[in-house]
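Visitor: Just need the structure, nothing else, for what follows:
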Amino acid sequence: MNSENVQTKWGQFISLIIVFFFWGFVGSANDILIPVFKKVFTLSQVQSQLVAWAFYAAYFVGSIIFFLVSLKVDVLQKFGYKKTLSAGLILSAVGSFLFVPAATMESFPFFLTALFTVGLGFSIQQIVANPLAIKMGSPATGAHRLTLAGGVNSFGTTIGAILLGIALFGMGDNKKTALSLEDIKLPFIILGLAFIVVAVFMNFSKIEDPEKEEVAVIENAHEKFNILDYPQLYLGMLAIFIYVGTEVTIISNLPALLHTSEFGNVLEDAIAPFIALYWGSLMIGRWNGGVNVFDLSKTAVTVLKFIVPALAFGVIIGANIFAGHDVSGFYIYPVWILIFIAVSFVGGKNAGKTLMLFGLSGVLMMLIGLVCTNTEIAKFFIISGGLFLSIMWPSIFDLAIAGLGKNTGKASSFLIMMILGGGVIPLVQGSICDIDLTSPNGIFGITWTHFSYIVPLLGFAYLGFYGYYCPKILKRQGINHVEGGAGGH
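Guide: Take a look at the predicted model:
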């Protein structure tokens, strides 16, 4: 059978994307916890970013462990995708339950340990789920399946911030600004139980292990896997590091930015709508890219490219209104959504071209966010970074593993290691924010916290470069690889 004609296994795929939802939910929960922990434990901005560090460093550690084990035994072939995925979910459940003693002891290091354990489980899930999503049908639409899964991931991030905000601060007239760590216990107990339920469901689902279709190309592959033999991979590893770091640092440091007098002194209990808008921006982009998965006419795809983002934006607004938040200031945001749609049409399905264009667009958004004197507008330029990041994960992942053959599994684990960027880059930006403590006059007429957004600007610049340069590398190897999408980690 021609692999290009393989139909997407929708029943199995829908079971899989539940896992992507959880990644998103917990990711945005971290962004609520950062300003809360900063206030409760009296932390500096860089110390508060240890929340992101603990969570994303776990991906790095988990991936190294997985890789070292894989040198002795092929874990996925021996235990299967389902059991390995279920094991990752159970480990994340254990981490969720650890929030209870952490809150009882009022210990910040214990909270970091709990987050690290959740992330360790996620690292296993990521290594399994990303290549599995690509393999559940035709290779030609693999990146777009990752797109659709990324859209579900973003739905989790969008409503995760709002639901945790409600759980911690209440809603409407019952909203509170003071927070007890006891309030954190119940949401994470529920999350831990949900992990267990999904693990059981996953273990009994109809997800099949992909066939060992790469065996046939072993003769053409290197006898010993060497990263340096594949520039698309090692440059892609750096791209994943920077991509995840950029995605996380924009939002992890946004509460500190909005809390400055320059941006209106927004308090912890009012930050959830902005977190939801940022992660919702990634959802808009990924839902838009997910349209490419379906076998539709060109006209239908064009129409849906406008309708789907409008629906996604409606979800963001509706969820915030449900939570009792005033989002009247958000109604200008469709301007940025239309810019995103225009760029996505220019990029088309070419992974490298799309990555380059969205990287350059991200540079422009961050630059305007830095120099715009109207902070009510500037914050939307910064938040719109989520729109232009939305397409990057599957495009980078797909380009980085192109031509790897039997080494695809090892390459995947190396790429997942680079999620460590989500822990490192926010620390760099957080340290710049903290210069405000000793130099309150700022730099170039703005606060150091505002200036710190030079960090994601530089991140976008490298991602644009990778989108431009990687196709040239692949072309020299005789690989014509243009498919791309818009998914998420």
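
Visitor: Could I get the CA-only coordinates of whichever strand or helix holds Q47 as PDB?
Guide: Assigned by DSSP states H and E, Q47 belongs to helix 45-48. Extracted in PDB, the C-alpha atoms of helix 45-48 (Å, rounded to 0.1, in the frame of the first residue of the first chain):
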ATOM      1  CA  GLN A  45      11.100  37.700  39.400                       C
ATOM      2  CA  VAL A  46      14.000  35.300  38.500                       C
ATOM      3  CA  GLN A  47      13.100  33.200  41.500                       C
ATOM      4  CA  SER A  48       9.500  32.900  40.500                       C
END
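
Visitor: Heading C-terminal from it, find the next helix or strand.
Guide: Sequence-wise, the next helix or strand downstream of helix 45-48 (DSSP H and E) is helix 50-72.

Visitor: these two touch, right, A319 and T157?
Guide: No. The pair A319 / T157 is not scored as a contact, 11.5 Å apart, by CB atoms under 8 Å. Where you see a C-beta, it was placed from the backbone N, CA and C, and this is true even at glycine.

Visitor: give me the low-pLDDT residue ranges for this structure?
Guide: The chain contains residues with pLDDT under 70 at 1-12, 15, 131, 134-144, 146-147, 171-179, 206-224, 292-295, 481-489.

Visitor: quick one, the longest helix anywhere in it and helix 50-72 angle?
Guide: Identified as the longest helix of the chain according to DSSP state H is helix 10-40. Taking axes from the mean of the first three to the mean of the last three CA atoms, to 10 degrees, helix 10-40 and helix 50-72 form an angle of 140 degrees between their directions.

Visitor: buried set for helix 10-40?
Guide: Buried residues in helix 10-40, counted by 16 or more other CB atoms under 10 Å: 12-13, 15-40.

Visitor: Quick one: the strands in the chain, in order.
Guide: Using DSSP state E, the chain contains no strands.

Visitor: neighbours around G236, how many?
Guide: As a burial measure, G236 scores 26 neighbours (other CB atoms under 10 Å).

Visitor: Need the nearest residue in space to it, chain neighbours excluded.
Guide: Nearest residue to G236 in three dimensions, chain neighbours excluded: A400, at 2.7 Å (CB to CB, 6 or more residues apart in numbering).

Visitor: and that neighbour, how many neighbours does it have?
Guide: If we define neighbours as other CB under 10 Å, then A400 has 27 of them.

Visitor: And P109, by the same measure?
Guide: By other CB under 10 Å, neighbour count at P109 equals 11.

Visitor: Please report how far it lies from I34.
Guide: Distance of P109 to I34, computed by CB to CB, to the nearest Å: 16 Å.

Visitor: next one: V455
Guide: As defined by CB to CB, V455 lies at a distance of 16 Å from I34.

Visitor: dump the residue contacts of Y230.
Guide: Taking CB atoms under 8 Å, 6 or more residues apart in numbering as the criterion, Y230 is in contact with 403-404, 407, 411.

Visitor: ignore the last one, T84
Guide: Counting by CB under 8 Å, 6+ apart, T84 touches 75-76, 124, 128.

Visitor: how about the residue nearest to N203 when sequence neighbours are not counted, what does it touch?
Guide: Once flanking residues are discounted, N203 sits nearest to S86: 4.6 Å by CB to CB, 6+ apart. If you count contacts by CB under 8 Å, 6+ apart, S86 has them with 199-200, 202-203.

Visitor: Which entries within the residues you listed meet the buried criterion?
Guide: Using 16+ other CB under 10 Å as the burial test, the contacts of S86 include 199, 202-203 as buried.

Visitor: Cross these against helices and list the overlap.
Guide: Among these, DSSP H puts 199, 202-203 in helices.

Visitor: need those residues in TSV with distance to Q49, can you?
Guide: Supplementary listing: these in TSV, determined by distance: CB to CB, whole Å:
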residue	distance to Q49
A199	30
M202	32
N203	36
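
Visitor: Which single one of those is nearest to L68?
Guide: Among these, A199 lies closest to L68 (CB to CB), at 24.0 Å.

Visitor: Just give the closest residue to that closest one, not the sequence neighbours.
Guide: L89 is the one closest to A199 (CB to CB, 6+ apart), at 3.7 Å.

Visitor: Next one: the residue nearest to N203 from G62, what distance?
Guide: 15 Å.

Visitor: What are the neighbouring residues in contact with the closest residue to A87 other than its chain neighbours?
Guide: Nearest residue to A87, sequence neighbours excluded (CB to CB, 6+ apart): I124, at 6.3 Å. Contacts for I124 (CB under 8 Å, 6+ apart) come out as 62, 66, 84-85, 87-88, 91.

Visitor: just curious, which of these is nearest to S261?
Guide: For the contacts of I124, the nearest to S261 is G62 (40.8 Å; CB to CB).

Visitor: Now do the same contact list for that closest one.
Guide: G62 neighbours (CB under 8 Å, 6+ apart): 119-124, 127, 416.

Visitor: need these in JSON lines with distance to L427, can you?
Guide: Output for these, formatted as JSON lines (distance: CB to CB, whole Å):
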{"residue": "G119", "distance to L427": "15"}
{"residue": "L120", "distance to L427": "19"}
{"residue": "G121", "distance to L427": "23"}
{"residue": "F122", "distance to L427": "19"}
{"residue": "S123", "distance to L427": "19"}
{"residue": "I124", "distance to L427": "24"}
{"residue": "I127", "distance to L427": "24"}
{"residue": "I416", "distance to L427": "20"}
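
Visitor: from those residues, which is closest to I432?
Guide: Ranked by distance to I432 (CB to CB), the contacts of G62 are led by G119 at 24.4 Å.

Visitor: Quick check: closest non-adjacent residue to that closest one.
Guide: A58 (2.9 Å).

Visitor: centre of the chain versus stretch 389-407, how much separation?
Guide: Centroid displacement of stretch 389-407 relative to its chain, using CA atoms, centre = their mean, to the nearest Å, is 15 Å.

Visitor: what does stretch 109-127 give?
Guide: Between the centre of stretch 109-127 and the centre of its chain there are 15 Å (CA atoms, centre = their mean).

Visitor: Same question for stretch 375-391.
Guide: Remark: stretch 375-391 is offset 15 Å from the chain centroid, using CA atoms, centre = their mean.

Visitor: Convert the C-alpha atoms of it to PDB, please.
Guide: Extracted C-alpha coordinates of stretch 375-391, given in PDB (Å, rounded to 0.1, in the frame of the first residue of the first chain):
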ATOM      1  CA  THR A 375       1.100  50.500  26.500                       C
ATOM      2  CA  GLU A 376      -2.600  49.500  25.900                       C
ATOM      3  CA  ILE A 377      -1.600  48.700  22.400                       C
ATOM      4  CA  ALA A 378       2.000  47.500  23.100                       C
ATOM      5  CA  LYS A 379       0.800  44.600  25.300                       C
ATOM      6  CA  PHE A 380      -1.300  43.200  22.400                       C
ATOM      7  CA  PHE A 381       1.800  43.200  20.200                       C
ATOM      8  CA  ILE A 382       3.600  41.200  22.800                       C
ATOM      9  CA  ILE A 383       0.700  38.800  23.400                       C
ATOM     10  CA  SER A 384       0.400  38.300  19.600                       C
ATOM     11  CA  GLY A 385       3.700  36.500  19.800                       C
ATOM     12  CA  GLY A 386       1.500  33.500  20.600                       C
ATOM     13  CA  LEU A 387      -0.100  33.700  17.200                       C
ATOM     14  CA  PHE A 388       3.200  33.600  15.400                       C
ATOM     15  CA  LEU A 389       4.600  30.800  17.600                       C
ATOM     16  CA  SER A 390       1.500  28.700  17.000                       C
ATOM     17  CA  ILE A 391       2.800  27.100  13.800                       C
END
